[in-house]
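S.K.: Provided below are the primary sequence and the corresponding predicted coordinates.
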Amino acid sequence: MTERNKLIEENTGLVHACVRKFMGRGALYDDLFSCGCVGLVKAAQGFDEKLGFKFSTYAVPVILGEIKRYFRDTGAVKMSRSLKELSLKVTKFCDEYEKKEGCSPTVSQVAEALGVSTSQAAEAMEASKLPLSLSYETEEDTVEIQVAVESEEENITEKITLYSLLDELSTADRELIKLRYFSSKTQSDTARILGMTQVQVSRREKKILTTLREKMIS
């Protein structure tokens, strides 16, 4: 087995992890998995271990890029016509409200202004954030509008990259971070569990976080 094929075979779990983040957007799991595998193969072809970081850190953004391209090229996320129209009204109302009041309206305010239930308003407000090219027909014409979004892919990439970097830590350092940031232990509790002083925990924690930050932005 070649080194490239070994990387692909050992890291298919990365594809599954990335795909799960996109479920519920109207695309089939198998289709997203296929796109993710294309990204994994590209990552395996372009990876250079001399760069000094793990393959998973390099591969995740490539995999996410292929999945994101699938959504962009196919318009995989679907909404009903009524929801599309309501989401456009919500977007317009929210824009006008923010310009006038200097803040975003609540779900109740949106519902009252548009004459819909709070659940319908909430669904439309959420739908207006989806990365879609919306198209619907009116009596006069076919209307198309690009809805601005706050992409989740960047957050997903950062989280998966962080977990990959945590795997590279020593067992002791990883346990310290786990206690402090995943189990919400105080420095005193962490020191007692690890057999260290609070000062030692504080110093080590700062050093670990500095290293993680540098690797995250490199």
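M.R.: Arrived safely. None of the values given here were measured: they were computed from a predicted structure.

S.K.: was I right to think His16 contacts Asp30?
M.R.: No - counting by C-beta atoms under 8 Å, no contact exists between His16 and Asp30, whose distance comes to 11.6 Å. No exception for glycine: its C-beta is placed from N, CA and C like everyone else's.

S.K.: those two - which one has more neighbours?
M.R.: When His16 is set against Asp30 and neighbours are counted by other C-beta atoms under 10 Å, the residue ahead is His16, at 12 against 9.

S.K.: what's in contact with the helix or strand hosting Lys206?
M.R.: Secondary-structure assignment from DSSP states H and E places Lys206 in helix 198-217. By C-beta atoms under 8 Å, 6 or more residues apart in numbering, the surrounding residues in contact with helix 198-217 are 53, 158, 161-162, 165-166, 169, 173, 176-177, 180, 187-188, 190-191, 194, 196.

S.K.: PyMOL command to pick out the buried ones of the residues you listed?
M.R.: A single PyMOL command suffices to select whichever of the contacts of helix 198-217 are buried according to 16 or more other C-beta atoms under 10 Å:
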select buried, resi 161+165+166+169+173+176+177+180+187+190+191+194+196
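
S.K.: okay, and which of the contacts of helix 198-217 map to helices?
M.R.: Assignment to helices by DSSP state H places the following of the contacts of helix 198-217 there: 158, 161-162, 165-166, 173, 176-177, 187-188, 190-191, 194.

S.K.: include distance to Val201 when you put those residues into a markdown table, please.
M.R.: Below are the ones in helices among the contacts of helix 198-217 laid out as a markdown table (distance: C-beta to C-beta, whole Å):
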| residue | distance to Val201 |
| --- | --- |
| Glu158 | 25 |
| Thr161 | 25 |
| Leu162 | 20 |
| Leu165 | 20 |
| Leu166 | 17 |
| Asp173 | 11 |
| Leu176 | 7 |
| Ile177 | 11 |
| Gln187 | 5 |
| Ser188 | 8 |
| Thr190 | 5 |
| Ala191 | 5 |
| Leu194 | 7 |
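
S.K.: which among those residues gets closest to Thr106?
M.R.: Nearest to Thr106 among these is Glu158, at 29.3 Å by C-beta to C-beta.

S.K.: report pLDDT for the closest one.
M.R.: Listed pLDDT for Glu158 reads 64.

S.K.: likewise the one 4 residues further on?
M.R.: Leu162 carries a pLDDT score of 75 in this model.

S.K.: end to end, how far does stretch 48-55 reach?
M.R.: Across stretch 48-55, the straight-line distance between its terminal residues is 8 Å, by C-alpha to C-alpha, to the nearest Å.
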